[in-house]
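Novice: predicted structure and sequence below. I'll ask about it afterward.
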Amino acid sequence: MPGEQNTGSVARRGMSPSLRFLNAVAGFKSVVFLSHVNPDPDSLGSMLGLAHLVRNRLHLPTRLTRDGFIGRAENQALVRCLDIELEPIENVEWEAGQAVVMVDSQPHTGRHTLPDNLKITAVIDHHDTPGDCSGVTFADVRSTVGATCTLVTEYLLEQHVPLTPRVATALYYGIDSELAGYPREGGPLDDAAMQFLYPHVDKDKLAYIRNARLPHEYYETLLVALQNAFLYDRLILSWAGELSRPESVAEIADLLVRFEEIDWALCHGVYEQQILLSLRTARPRAQAGIVLQRIVDGLGKAGGHHRRAGGAIPLSNATVTAVEQTRSQIRRRVLEVLGIDEQRGQRLVRRKDLLESIG
């Protein structure tokens, strides 16, 4: 398979990825699934789908974990209506005899809350990130695929595992959420997976997830971000201030990148002693993940895809002065990395006009 990485004795030529994965975890007593911090639909669906595969083919007990919390209203609706049981990562007792499977992420990316000496048995991911899979028994990392749920669907097909509406809905929405937006980051394998899954999906629950109700804080943060959104040539740079929900920067960046006059949108804000950043682009194959890594280089960590990326910059203290200094650095670096001449930003929406429209 293009982009596939396989290490260890189980990676034998001619064996399907799903069989190599099953061989990698077959000798253990149980399987624990984990993902990146604040798991999204792709990671949630991938964990649920792989657990379904393991229970059906190996009859081993499985556990799904949650590193951080579930963010967006849609993600919370996914967990709630599909009754996905997630064990907080800090409550997991790491024992001998457990296979540890990481999905939708890679070891040593700084996006996990894990013991340094934790042995990872298998990694299944679609991100082009600077992870380290050395020492991992089985790794399937395909950056040419739009979603990790697509790979899991392929595994289930290869192993002829019957689908339940619950698993199909989680996998389908995981792919759908990753491919949403323009330009689309999917391919033939993603399209085939969605076509296979859709007849098995619970359509009512899918509609419930897609149209999840939004909390009051969403609109408050959006108002602040619009008031503090500035245009620099083909870039919108937005400051959302203090965040009650860390996923807000991604939601706002998704909205701002749709503005017809720009190619890039970056939203950032403060949450728990760090500045969170979310970058979006309307340009194809723009390597947003690499762009954001360059912006935060030496300050924090970032990763992502061609069109979407996220990052975080830790703050030694969250005083107004420290935050403003970091914001200034971010602004300078964004303009420099994107090749935009230093200039005074123009407000996307003037405060006076915004307040008058609200009144």
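Specialist: In hand now; what should we look at?

Novice: any chance you could map the strands in this protein?
Specialist: 30-34, 62-66, 87-88, 98-103, 122-125, 138-141, 229-232, 235-242, 264-270, 274-281, 301-304, 308-314, 346-347 (DSSP state E).

Novice: please tell me how far residue 341 sits from residue 225.
Specialist: 24 Å (C-beta to C-beta, to the nearest Å). In short, each C-beta sits where N, CA and C put it, glycine included.

Novice: likewise for residue 206?
Specialist: To residue 225, residue 206 is 29 Å away according to C-beta to C-beta.

Novice: circling back: pick out the shakiest of the strands of the chain, pLDDT-wise.
Specialist: Between the strands of the chain, the one with the least mean pLDDT is strand 301-304; it has a mean of 82.

Novice: quick one: contacts for the residue most central in space within the chain?
Specialist: Closest to where the C-alpha atoms of the chain average out (C-alpha atoms, centre = their mean) is residue 40, at 5.4 Å. By C-beta atoms under 8 Å, 6 or more residues apart in numbering, the residues touching residue 40 are 71, 72, 75, 104, 177.

Novice: need the pLDDT of it.
Specialist: 93.

Novice: what's the burial count for the closest residue in space to residue 89 that isn't next to it in sequence?
Specialist: In space, and not counting its chain neighbours, residue 89 is closest to residue 67: 4.4 Å by C-beta to C-beta, 6 or more residues apart in numbering. Around residue 67 there are 21 other residues, counting by other C-beta atoms under 10 Å.

Novice: list the contacts for residue 231?
Specialist: Residue 231 neighbours (C-beta under 8 Å, 6+ apart): 261, 262, 345, 346, 347, 348.

Novice: how close does the second one sit to residue 348?
Specialist: Residue 262 sits at a distance of 9 Å from residue 348 (criterion: C-beta to C-beta).

Novice: need the overlap of contacts for those two.
Specialist: 231, 236, 256.

Novice: surely the last one meets residue 228?
Specialist: No: taking contacts as C-beta atoms under 8 Å, residue 256 lies outside contact range of residue 228: 11.5 Å.

Novice: intersection of neighbour lists for those two?
Specialist: In contact with both residue 256 and residue 228: residue 238, using C-beta under 8 Å, 6+ apart.

Novice: those two: which has the busier surroundings?
Specialist: Neighbour totals were compared for residue 256 and residue 228, and residue 256 leads with 23 against 18 (other C-beta under 10 Å).

Novice: if you skip the residues just before and after it, what's nearest to the more buried one?
Specialist: Per C-beta to C-beta, 6+ apart, closest to residue 256 is residue 265, 3.9 Å.

Novice: for residue 258, same thing?
Specialist: Using C-beta to C-beta, 6+ apart, the nearest residue to residue 258 is residue 282, at 8.0 Å.

Novice: please apply the same query to residue 90.
Specialist: Closest residue to residue 90 apart from its sequence neighbours, by C-beta to C-beta, 6+ apart: residue 113 at 7.0 Å.

Novice: dump the residue contacts of the one you found.
Specialist: Listed by C-beta under 8 Å, 6+ apart, the contact set of residue 113 reads 37, 67, 68, 89, 90.
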